[in-house]
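**Student:** A predicted structure for the sequence below; I have some questions about it.
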Amino acid sequence: MRQLPNILKMILHSLIAPIRGVSYILSHPRTWLLILIPYVINTVLIIAFFAYVQSFGVDQVNRLLSIDLFAEYSFVVNVLRAAATVIALILSVFIFLSIGMIVAAPFNAFIIDRLLDENDIQDIFHYKGVKLILFETWRAIKFEIAKLMVSIIFFIPSLLLNFIPVVGNIAFTVFNFIVLSFMTMLDLTDQANSRKGFSFRKKLQLLADNGLLFGPFALITAFLFSIPFINMLFLPIAHVAANILYVDSKNT
């Protein structure tokens with residue numbers, strides 16, 4: 001029972017992390033331009049990306065499933081169409097978030113670097129200026145590749161769930177949403193972990209050891225990241241909020 005207040009405190013800290021992130025950004029006007037530039041770039045990219053997916057990807061799938069060959073297999077076609085829609089949504093969010101993370105990395109680097117310095121988070125790698133931009137861009141690219149590989153390991157086997165009508169589609173969506181939440185949190189805290197020279201396994205262990213602190217925020221973030229345009233607006237807030245929680249994890 002003595003641990004209950006601490007558990008509730010961690011959950012509360014996690015839930016209000018976005019508010020703390022907004023508060024930090026508003027109190028540091030120098031961060032505003034660093035947020036605006038990648039947001040504009042990513043907004044242009046997301047418009048172009050979804051326009052392409054809608055014009056070519058979705059139409060091609062519908063045409064394929066509408067040919068006479070599949071006419072007598074309406075049940076299978078409906079399952080495949082539902083699965084294709086869910087998969088397309090998940091892949092679109094995943095791919096675009098990965099691109100968004102890479103685009104925003106050199107800009108967010110300066111924001112998070114200052115936040116971590118203010119909270120005396122010691123590090124092994126501590127770059128400034130151009131070196132910081134190059135380090136963070138390369139770090140983001142490497143991490144997104146690693147995140148893709150890990151996600152594929154979970155994603156491909158879960159596709160089989162879609163062959164169970166309704167319940168399977170729901171289970172598939174929920175399962176991959178949880179995986180996306182975890183990987184997103186791992187992504188947002190990667191800069192701080194990389195400063196300390198942590199291995200990928202050590203980064204995973206940090207989140208596992210602080211599940212109550214990071215978990216609720218990760219679910220909120222994954223949900224907001226699945227909404228076009230809102231995701232790019234929330235991205236810098238999520239970066240700051242996640243690293244505020246990272247600081248909290250070091251102080252608990």
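**Tutor:** Arrived safely.
**Student:** Contacts for the helix or strand hosting residue 174 next, please.
**Tutor:** In this assignment (DSSP states H and E), residue 174 forms part of helix 167-188. Around helix 167-188, the neighbours that count as contacts under CB atoms under 8 Å, 6 or more residues apart in numbering are 82-83, 86, 90, 93-94, 97, 101, 143-144, 147, 150-151, 154-155, 158-159, 161-162, 164, 203-204, 207, 214-215, 217-219, 221-223, 225-226, 238-239, 242-243. (Glycine included, C-beta is placed from N, CA and C.)
**Student:** next one: stretch 227-236
**Tutor:** Under the criterion CB under 8 Å, 6+ apart, residues 18, 25, 31, 34-35, 38-39, 42-43, 46, 50, 93, 96-97, 100-101, 104, 108, 111, 221, 224-225 lie in contact with stretch 227-236.
**Student:** could you redo the last one with a cut-off of 6 Å?
**Tutor:** By CB atoms under 6 Å, 6 or more residues apart in numbering, the list of residues contacting stretch 227-236 from outside reads 35, 39, 42, 43, 46, 100, 104, 224, 225.
**Student:** Including neighbour count and distance to residue 168, could these go into CSV?
**Tutor:** As requested, the contacts of stretch 227-236 are arranged in CSV below (neighbours: other CB atoms under 10 Å; distance: CB to CB, whole Å):
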residue, neighbour count, distance to residue 168
35, 20, 40
39, 19, 37
42, 24, 33
43, 15, 35
46, 19, 29
100, 22, 30
104, 24, 35
224, 17, 26
225, 23, 24
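**Student:** after the helix holding residue 174, next one along is what?
**Tutor:** From helix 167-188, the next helix or strand downstream (DSSP H and E) is helix 190-195.
**Student:** Could you list the buried residues of the next helix or strand after that following helix?
**Tutor:** Past helix 190-195, heading to the C-terminal end, the next element that is a helix or strand (DSSP H and E) is helix 200-209. By neighbour count on 16 or more other CB atoms under 10 Å, the buried set for helix 200-209 is 203, 206, 207.
**Student:** Would you mind getting the angle between helix 200-209 and helix 167-188?
**Tutor:** The directions of helix 200-209 and helix 167-188 differ by 110 degrees, with axes from the mean of the first three to the mean of the last three CA atoms, to 10 degrees as the criterion.
**Student:** Looking at helix 200-209 now, give me its mean pLDDT.
**Tutor:** The average pLDDT for helix 200-209 rounds to 84.
**Student:** Pull the contacting residues for residue 37.
**Tutor:** No residues are in contact with residue 37 under the rule CB under 6 Å, 6+ apart.
**Student:** Would you mind measuring from it to residue 157?
**Tutor:** Taking CB to CB, to the nearest Å as the criterion, residue 37 is separated from residue 157 by 39 Å.
**Student:** now swap in residue 200 and tell me
**Tutor:** When CB to CB is applied, the distance between residue 200 and residue 157 equals 21 Å.
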